[in-house]
Structure formats: C-alpha cells, structure tokens
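1. When you get a sec, could you give me coordinates for this:
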Amino acid sequence: MSDDSTRPIVIKRKKVIAGGAHGGAWKIAYADFVTAMMAFFLLMWLLGSTAKGDLAGIASHFQNPVKVSMSGGSGSGDATSILQGGGKDLTRQTGQVKQGEVEKKKSTSFSKEAQAEFRRKEAQKLESLKADIEKMIESTPQLAQFKKQMLLDITSEGLRIQIVDEQNRPMFDSSSADLKPYTREILRQIGKSLNGVSNRISLAGHTDAAQFAGGERGFSNWELSASRANASRRELVAGGLNDAKIMRVVGLASTVLFDKNDPLSSINRRISIVVLNQKTEQAILQEEGPETEVDGDEGLQDALQLPATGKGTAG
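-> As a prediction, this is how the structure comes out:
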C-alpha cells in the first residue's frame, strides 16, 4: 500500500453566520424611527395650527370622552374627515369645532327672517285696518260729514288717526277739554273699530301756538293738550275700546305743529291716535321710544285740502 492510503482523512467544517455585516435588520429599525419622527412633526404642526379654544375642546375630549361623544363632538361617529372636527377647512370655519358658532349664525339668520316676516304681516294688518276705518267713515252718515277732519296714515310707529280742528268746526270748546257732541260720536265709533285689533294704542293731544293770558306759568297749552288727550281716551273707552289697550296718553302742547308755517292755524289743534306696531310698543316699554308725531305730517297737508289760515285763541 502507498503512503496516501495510510494518511488520516481530515474534514473541515466552516461555520456560516447568516446576514453578518450585510444583513437587513437595521433597515426595519431605521424605518420605525423615521415613521415615529414623521408622526411627531405632524403632531407639532397640528398643535401649532390649532386655536386655543380648539385645544381646550381636544383636552376635554380626552378628559371625558363619553361627554363629548354624547354631545355630538369629535369621535362620536363622524367619518367624513380623517381629522375629526377639522373638515377641509383647517381654520375651523366649517368643522365640528366651530359647529356651535355655525348653529348660532343659522339661528340668528332665521330670527331676522322671522322678524322681517312678522313686520311684513303686521304692516299688512295695519293697512287693512286703515282701509276698514276709511270704509266705515264713508258708510256712516254721522262720520262722513267729518271725513276731512279725520286723517289716516301709516308712520314708523304704526297706524295714525288724526282728528283735527276745522276753522269753523272745532273738536272742543275754546280753551277747554269739553268735547263737542260730534267729536264724541267720532271717537266712540273709532273706539269700537279699534277694539278688534290686538295692538295697543297711544293718544296725544296737540294745540296751536297761541298762549293763555297767564303764559306758561299758569294753566297752559301743556295742561290743555293733556286734558284733551285724556278726555278723548274716555270717549274711546265709552265706545267699546278696552282700557287695557291704551298704553300712553300724552299732551304735547304746540311742540309738534301740523302746519309749521302757520303756528296759529286751527289744523294744529288735533288729537292723534296711533295703533302701535310691536317695535314702537317695545321701545316705549324700554323707555327708548322714537320721537312721536314727527314723520309724515308734510304729506297730510295736501290730503286735507283745507285752508290753513284760521287763527284763534289758545287751544
């Protein structure tokens, strides 16, 4: 036998380590780190673009999520946006965070529309009442002869009915609050017609600018106009008007002249009855009412078609 056959056989085994320096485990760790950093910066960006009020809402959600969920806030099932409460507008003008403000705006808008509709219907009702009274005047023989002394118009306060003196046909005795018989009839007929409306009533007495002998220190146009207004109130009630409907009775003396060009004209002596609209009624209750009897007098002079040259004693 040769020497080769006597040599021992040696088997070498090489240990192989999987991966080694060129493995992929570090890539997974790095990907996790990058994902965490991205989430962190996204969180910082969201917090930086969120208002303080919204942050308080988010804090409330985590402190008491059941309460927020029951009140319809974020997390209660809204799947319309990935960012709950944010929506498409990150300024929070359309998302859930500002939902209360949106509802408030809707409510305010609805309230304004309702008020406008109410005022429109109220104006229609006053126009209808005006037409009814005009028809009543035309159809009542006792009133038809005095129709030129009864002036009706719609003002900012409501439906105004003015009963004015004619030069030779006054409503009251001179310098007195005693009504003429035909004035009583006019007021009682008006009182009957006004009792059917829910609006409240305001009365004002007016005089011309003629002064009493004692001047303003004694019995003056102030006392006379107030007494005449109150005497008119009694006749309206006697005609059937519920006294609770009367809200205000005032004497304005000659401060609001019908004919400003002729302070002594008989037309300045008048009783003004106003069927108040709701706005004026509320203003009176708040003691912030609009100035009485100012608008609309100019147009009434033409409607009256009476000479304005009569002059007389006080009242």
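2. in stretch 204-215, what's buried?
-> 204-208, 210, 212 (16 or more other CB atoms under 10 Å). Quick note: C-beta positions are derived from backbone N, CA and C, even for glycine.
3. Identify, from those residues, the entry nearest to residue 52.
-> residue 204 (55.2 Å; CB to CB).
4. name the helices or strands packed onto the helix or strand harbouring the closest one?
-> Per DSSP states H and E, residue 204 falls inside strand 201-206. If you count contacts as 3 or more CB pairs under 8 Å, 6 or more residues apart in numbering; DSSP states H and E, strand 201-206 packs onto helix 221-238, strand 246-251, strand 270-276.
5. now do 10 Å
-> Packed against strand 201-206 by the contact rule (3 or more CB pairs under 10 Å, 6 or more residues apart in numbering; DSSP states H and E) you find strand 158-164, helix 181-194, helix 221-238, strand 246-251, strand 270-276, helix 278-285.
6. which stretch among the ones you listed comes nearest residue 111?
-> Minimum separation from residue 111 across the helices and strands packed on strand 201-206 (CB to CB) falls at helix 278-285, 14.3 Å.
7. Kindly format the C-alpha coordinates of that closest one as CSV.
-> Below are the C-alpha coordinates for helix 278-285, written out as CSV (Å, rounded to 0.1, in the frame of the first residue of the first chain):
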residue,chain,number,x,y,z
GLN,A,278,-94.7,95.9,18.0
LYS,A,279,-91.4,97.7,17.5
THR,A,280,-92.7,101.0,18.9
GLU,A,281,-94.5,99.3,21.7
GLN,A,282,-91.3,97.6,22.8
ALA,A,283,-89.4,100.8,22.6
ILE,A,284,-92.0,102.6,24.8
LEU,A,285,-91.7,99.7,27.4
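8. Buried residues in that helix, which are they?
-> Within helix 278-285, the residues scored as buried using 16+ other CB under 10 Å are 279-281, 284.
9. Show me what it is packed against.
-> helix 99-139, strand 158-164, strand 201-206, strand 246-251, strand 270-276.
10. before we move on, the earlier item: ok, the strand holding residue 204: who's next to it in the sheet?
-> Looking at strand 201-206 with DSSP bridges, its partner strands are strand 246-251 (parallel), strand 270-276 (antiparallel).
11. Now render those strands as TSV, adding mean pLDDT.
-> Formatted as TSV, these follow (pLDDT from 0 to 100):
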stretch	mean pLDDT
strand 246-251	95
strand 270-276	95
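12. Could you say which of those strands is packed most deeply?
-> Mean neighbours per residue, mean count of other CB atoms under 10 Å, is largest over the strands paired with strand 201-206 for strand 270-276, with a mean of 25.
13. Check the offset of that one from the chain's centre.
-> How far strand 270-276 lies from its chain's middle: 24 Å, per CA atoms, centre = their mean, to the nearest Å.
14. so it versus helix 99-139, what angle?
-> Using axes from the mean of the first three to the mean of the last three CA atoms, to 10 degrees, the direction of strand 270-276 lies 140 degrees away from that of helix 99-139.
15. Need the CA coordinates for strand 270-276. PDB is fine.
-> Output of strand 270-276 as PDB, limited to C-alpha atoms (Å, rounded to 0.1, in the frame of the first residue of the first chain):
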ATOM      1  CA  ARG A 270    -105.800 117.900  17.000                       C
ATOM      2  CA  ILE A 271    -106.000 114.600  18.700                       C
ATOM      3  CA  SER A 272    -103.600 111.900  17.400                       C
ATOM      4  CA  ILE A 273    -104.500 108.200  17.900                       C
ATOM      5  CA  VAL A 274    -101.700 105.700  17.000                       C
ATOM      6  CA  VAL A 275    -102.300 102.000  16.700                       C
ATOM      7  CA  LEU A 276     -98.800 101.000  17.700                       C
END
